[in-house]
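J.: dropping a prediction and its sequence here:
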Amino acid sequence: MVETTRDFAFQALKLHRLELEVFSFNPRAEQVYQKAGFRREGVRRDAASDGGRYGDSIWMAILEDEWRQLKRTQQRNYHYPINFISGGYTAMEKKEQLYEGKAKKVYATGDPNLVIVDYKDDATAFNGAKKGTITGKGVINNQMTNRFMAKLEKAGIPTHFVEELSERETLVKKVSIVPLEVIIRNISAGSFAKRYGVEEGIVFDAPTIEFSYKCDELDDPLLNTHHALALKLASPEEIAVIEKYAFAVNDFLKDFWSSCGVTLVDFKLEFGRLHDGTIVLADEISPDTCRLWDSKTHEKLDKDRFRRDLGGVEDAYAEVMRRMTEAL
């Protein structure tokens, strides 16, 4: 968590300097911060007390240039990450690139059932018609997705998540993506409002679910269950499982974001098949795929700021990451 907070400060918040205070009666904490690149800058003798005993107040800091140098030395093809779910360690070799999409690259590993996903800062909208860059997006989307995936696993929803390897890279189970984009809507907004000629902000009595055919050449057309079955995109059993998981994800995310002062308007999910045919949640959960509004002001805190040229895109992504980090 120290490294995650440190990386978020420099990558997303664009800080030049990060400082902290630690006390001499907690030497293990100082060791953890030193390992994360923090250096001692000063000591205030006997400035802190703990149960009647006095100790030194130690100020430590790390500068942006020092952080960048530390990160460069960590960029190797072998990763020894902590598994958020099991707490284990795994050595994993990054091999050839298998795929590059709009927001991510995928690399092979030494295990045919595992791949490495590398999140980019590239941003697209309107099926690639609009392109740009959101600085720090890859870091935020990677880390936010991983934390949600780990929580959802514990809630009984299987995912492709295995381990976070670095600020931008994650080890996941290799899946064959079901070519259905699944959209859950709690409030009217975006294409829904435009398609049906209603204003944004109408709160639905119950969430809706939509499917679209995942095909860039056709602009991801909407389809219903019968169309999906006719096109053999998924079986009836798979569609039932996907719907069940999608609504369960919605329940979880709505409650979580509500605790952060954020309203979950709608979001997109993708699912995949493991080598044995098991359906699991794949892709990502982030401001790229979720429409998020501040609960009080209704300020947009997601990719709509990029789509609609509202400005403050990086600040919005950083704000939702900050709220998420504080809530976990």
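T.: Perfect, thanks for sending it. Numbering: from 1, shown residues only.
J.: what ranges do the strands span in the stretch 201-328 of the chain?
T.: Ranges of strands within the stretch 201-328 of the chain are 203-213, 222-223, 262-273, 279-282, 290-294, based on DSSP state E, counting those that start in this stretch.
J.: quick check: closest non-adjacent residue to T225.
T.: I239 (5.8 Å; C-beta to C-beta, 6 or more residues apart in numbering). For every residue, glycine as well, the C-beta is placed using N, CA and C.
J.: E243 and D251, how far apart?
T.: Distance, E243 to D251, using C-beta to C-beta, to the nearest Å: 13 Å.
J.: with neighbour numbers in mind, choose between those two.
T.: Taking neighbours as other C-beta atoms under 10 Å, E243 and D251 compare with E243 leading, 15 against 12.
J.: returning to what we had before: what is the neighbour count of the residue nearest to T225?
T.: 20.
J.: ok, now which ones touch it?
T.: 180, 225, 228-229 (C-beta atoms under 8 Å, 6 or more residues apart in numbering).
J.: ok, now R185?
T.: The contact partners of R185, by C-beta under 8 Å, 6+ apart, come to 192, 204, 207-210, 265-266.
J.: wait, is it part of a strand?
T.: Yes - using DSSP: H, G, I helix; E, B strand; the rest coil, the assignment for R185 is a strand.
J.: partner residues bridging it?
T.: For R185, the beta-bridge partners are T208, D266 (DSSP bridges).
J.: distance of it from K151?
T.: The gap separating R185 from K151 is 22 Å, by C-beta to C-beta.
J.: repeat that for A61.
T.: Remark: distance between A61 and K151 (C-beta to C-beta) = 32 Å.
J.: got it, and G190?
T.: Here G190 is placed at a distance of 26 Å from K151 (C-beta to C-beta).
J.: what mean pLDDT does the longest helix seen in the chain get?
T.: Secondary structure of the chain read by DSSP state H shows that its longest helix is helix 236-259. For helix 236-259, mean pLDDT rounds to 98.
J.: got it, and stretch 8-26?
T.: Per-residue scores along stretch 8-26 average to 90.
J.: name the residues that touch it?
T.: With C-beta under 8 Å, 6+ apart as the test, stretch 8-26 has contacts from 6, 29-30, 33, 38, 41, 48, 50, 53, 55-64, 67-68, 136, 139-140, 143, 167, 314, 317-318, 321, 325.
J.: how far off centre is it?
T.: 22 Å (C-alpha atoms, centre = their mean, to the nearest Å).
J.: start and end of it, how far apart?
T.: End-to-end span of stretch 8-26 (C-alpha to C-alpha, to the nearest Å): 25 Å.
J.: follow-up on the earlier one: and the strands of the stretch 201-328 of the chain: which comes nearest P158?
T.: Closest approach to P158 among those (C-beta to C-beta): strand 279-282, 4.4 Å.
J.: run through the neighbouring helices and strands of the closest one.
T.: If you count contacts as 3 or more C-beta pairs under 8 Å, 6 or more residues apart in numbering; DSSP states H and E, strand 279-282 packs onto helix 236-259, strand 262-273.
J.: of all these, which one is nearest R291?
T.: That would be strand 262-273 among the helices and strands packed on strand 279-282, by C-beta to C-beta, at 3.9 Å.
J.: that closest one packs against which elements?
T.: Other elements packing on strand 262-273 under the criterion 3+ C-beta pairs under 8 Å, 6+ apart are strand 176-177, strand 180-187, helix 236-259, strand 279-282, strand 290-294.
J.: tilt between that strand and helix 236-259?
T.: Angular relation of strand 262-273 and helix 236-259 on a 0 to 180 degree scale: 150 degrees, by axes from the mean of the first three to the mean of the last three C-alpha atoms, to 10 degrees.
J.: and the angle from strand 262-273 to strand 290-294?
T.: 170 degrees.
J.: which secondary element of this structure has the worst mean pLDDT?
T.: strand 78-79 (a mean of 45; mean pLDDT, DSSP states H and E).
J.: the closest residue to S188 other than its chain neighbours: how many residues sit nearby?
T.: Nearest residue to S188, sequence neighbours excluded (C-beta to C-beta, 6+ apart): I202, at 4.0 Å. For I202, the count of nearby residues is 12 (other C-beta under 10 Å).
J.: ditto for E200
T.: By the criterion of other C-beta under 10 Å, E200 has 15 neighbours.
J.: and for M92?
T.: 21.
J.: please apply the same query to G261.
T.: Using other C-beta under 10 Å, G261 has 12 neighbouring residues.
J.: OK, contacts around it?
T.: Applying C-beta under 8 Å, 6+ apart, the residues near G261 are 294-296, 323.
J.: roughly how far apart are it and R322?
T.: 11 Å.
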